[in-house]
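>>> Just the structure for this:
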Amino acid sequence: MVNKLKVSMLLLAVLGNLAWSSSAKAAFKGNLTIEIDGFKNTQGQVCASIFAQSEGFPNKRDRVLQRQCTKITDKTVKITFENLTAGSYAIAAMHDQNEDLKLNRNTLGMPTEGFGFSRNPEVRTSAPPFSDAAVLLAGPNTSIQIHLKYL
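Modelled structure (predicted):
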């Protein structure tokens, strides 16, 4: 009888802990701050787009979770995305020198403005996959750095 009571109490404790963990995760909201540097100049603005899934990353505007643009006032610019649920996100950033809200390219398709991605993956002939740029948001405040590249 005592063993059955102990097992029952243990099961209740485990089930209660599992229920709390999933409800706590569902209610979790955190902030992701991106520090962007490597600007060639201070003309225009810097824009960062955050994606919650690989589909559409990094250039499909209809798949962007949030987007923010800000004037470049210093060597490093900070952008914060707020109230994000726990999970993996990838960020694409660009130095929008002419403020047209797109990454301009030359006739060969090469970017003529600065660009970068979370986790600063190496970029050769195309943008990195979501998995190479994904960062985990698991705490109330997470900070990452993106160093812009110019071709």
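
>>> all helices of the protein, in order?
Secondary structure of the chain by DSSP state H: the helices cover 2-27, 130-133.

>>> rank the ones you listed by pLDDT, which is bottom?
Lowest mean pLDDT of the helices of the chain: helix 2-27, a mean of 48.

>>> got any ranges where the chain has weak pLDDT?
Along the chain, the model assigns pLDDT under 70 to residues 1-27.

>>> just checking, what's the longest strand in it?
Using DSSP state E, we find that the single longest strand of the chain is strand 87-96.

>>> and that strand, which residues are buried?
88-96 (16 or more other CB atoms under 10 Å). Where you see a C-beta, it was placed from the backbone N, CA and C, and this is true even at glycine.

>>> Now do the contacts for residue 122.
Residues near residue 122 by CB atoms under 8 Å, 6 or more residues apart in numbering: residue 128.

>>> could I get the buried residues of strand 87-96 as CSV with distance to residue 55?
CSV is the format used below for those (distance: CB to CB, whole Å):
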residue, distance to residue 55
88, 13
89, 13
90, 11
91, 16
92, 14
93, 19
94, 20
95, 25
96, 24
